[in-house]
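1. Give me the fold of what follows.
(one chain, ligands or ions: 1)
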Amino acid sequence: MKTYIVGNWKLNFTVGEASVYLHKIQKKIANYRDIEVVVAPTALCLQPLSLQLERSKVRLAAQNAFYRDFGAFTGEISFAELNGLVDYAIVGHSERRYIFHEDDKMIAKKVAASIRNKIRPILCIGETESERAFGETADVIRDQLLGGLSEIGEDEVSKVLVAYEPVWAISSTKDAKIATPDEIAEVVKMIRDNLKEIYGAKVAEEVPVLFGGSVKPTNAGAYLTVPGVNGLLIGGASLILSQFTDIIEVAKRVK
Ligand code: 13P
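-> So this is what the prediction gives:
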């Protein structure tokens, strides 16, 4: 399986800044057969960046979209509009869940809309600090995973990528709040066990599982060698070109 290195830029970079960044990164990195480099800029950047892109080096992801294709939904953009512009879409990021109140039902519809429009969804799941403290991690992971997949057919599940992002480890500045490889391994096993139980062993092996939460060049190697981890979803470090390209180098070495 490929290694996925995905930069989630969140609400950062104007169109001009994003364009310059993409230009620089394409110059700096090679064509990797085994590593899929993906960036997720703001929605406004997707159209211009898609024209600028050498898809062999970098692919685009949306950070979010609405599940209905067209209609009276003021302020939304749809997966149907993104069809052809992006290869991936982040769905159910914890910032969407907790700031914008997206629940598993809505996220399931977004996963289905993404697949319907030929865009591979990156379904984000992860427990909060208090859920972990109360011993609810396994239940949260199962609910968010199976809930998110509930609107698609069994034959479509292997088009989905799952990103485990423990909410407590996102944008962390304290060492205590950085996930250890053992903690990640335990949850990644839960994810694959759930997939195996519901969809069978083949699907459980085919679905790429990414890790996200304060990934840096210094910990990327340890995270990428966690059994069952196929890539990284990177926030803050993906905004700094040298850090993002260093992480790609680490992925190449680990491969
Ligand atoms: P950080 O890498 O900044 O912790 O963000 C992780 C994340 O939320 C990626 O989607």
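
2. Quick check: closest non-adjacent residue to Ile152.
-> By the measure of CB to CB, 6 or more residues apart in numbering, the closest residue to Ile152 outside its immediate chain neighbours is Ala112, 5.2 Å from it. Placement of C-beta: from N, CA and C, glycine included.

3. for Ser238, same thing?
-> Beyond its immediate neighbours in the sequence, the residue positioned closest to Ser238 (CB to CB, 6+ apart) is Gly7, lying 2.9 Å away.

4. Give me the neighbour count for the one you found.
-> Counted with other CB atoms under 10 Å, the burial measure for Gly7 works out to 27 neighbours.

5. for the helix or strand harbouring it, what is the average pLDDT?
-> Counting by DSSP states H and E, the element that carries Gly7 is strand 3-8. Strand 3-8 shows an average pLDDT of 98 in the prediction.

6. Quick one: the strands in the chain, in order.
-> Counting by DSSP state E, residue ranges of the strands within the chain are 3-8, 35-40, 59-62, 88-91, 120-125, 161-164, 209-212, 231-234.

7. Can you check the pLDDT for the residue in the chain positioned nearest to the ligand?
-> For the chain, the residue positioned closest to the ligand under CB to the nearest ligand atom is Gly235, at a distance of 2.2 Å. Per-residue confidence at Gly235 stands at 97 (pLDDT).

8. Check the contact between it and Lys10; I expect there is one.
-> Yes. Taking CB atoms under 8 Å as the contact criterion, Gly235 and Lys10 are neighbours in contact, 6.1 Å apart.

9. In terms of packing, which of these two has more residues around it?
-> Shown here are Gly235 and Lys10; by other CB under 10 Å, Gly235 has more neighbours (21 against 18).

10. and the spatially closest residue to that one that is not a sequence neighbour, bridged to which residues?
-> If you skip the residues right next to it in sequence, Gly235 has Asn8 as its closest partner in space, 5.2 Å away by CB to CB, 6+ apart. In this structure, Asn8 has beta-bridge partners Ala40, where bridges are defined by DSSP bridges.

11. Show the contacting residues for Asn8.
-> For Asn8, the set of contacting residues under the criterion of CB atoms under 8 Å, 6 or more residues apart in numbering consists of 40, 61, 63, 90, 93, 212, 233-235, 238.

12. Distance of Pro121 relative to Val91?
-> In this structure, Pro121 and Val91 are 4 Å apart, going by CB to CB, to the nearest Å.

13. Could you check how many residues crowd around Lys174?
-> By the criterion of other CB under 10 Å, Lys174 has 7 neighbours.

14. on that earlier part again, overlap in contacts of Pro121 and Val91?
-> Once CB under 8 Å, 6+ apart is applied, the residues that Pro121 and Val91 both contact turn out to be 110-111, 114.

15. wait, Val207 sits on Leu161?
-> Yes. With contacts defined as CB under 8 Å, Val207 counts as touching Leu161 at a distance of 7.0 Å.

16. So for the two, which residue has more residues nearby?
-> Each of Val207 and Leu161 had its neighbours counted (other CB under 10 Å), and the higher figure belongs to Leu161 (25 against 22).

17. Can you give me the pLDDT of that one?
-> According to the model, Leu161 scores 98 on pLDDT.

18. Now do the contacts for it.
-> Taking CB under 8 Å, 6+ apart, one finds 4, 88, 120-123, 207-210, 231 in contact with Leu161.

19. between the residues you listed, which is closest to His23?
-> His23 has its nearest neighbour among these in Tyr88, at 20.7 Å by CB to CB.

20. and the closest one, bridged to which residues?
-> Beta-bridge partners for Tyr88, by DSSP bridges, are Ala61, Arg120.

21. Poorly predicted segments of the stretch 51-200 of the chain, please.
-> Low-confidence regions of the stretch 51-200 of the chain, defined by pLDDT under 70, span residues 175-176.

22. which bits of it sit near the ligand?
-> Within the stretch 51-200 of the chain, the positions near the ligand by CB under 6 Å from any ligand atom are 93, 165, 170-171.
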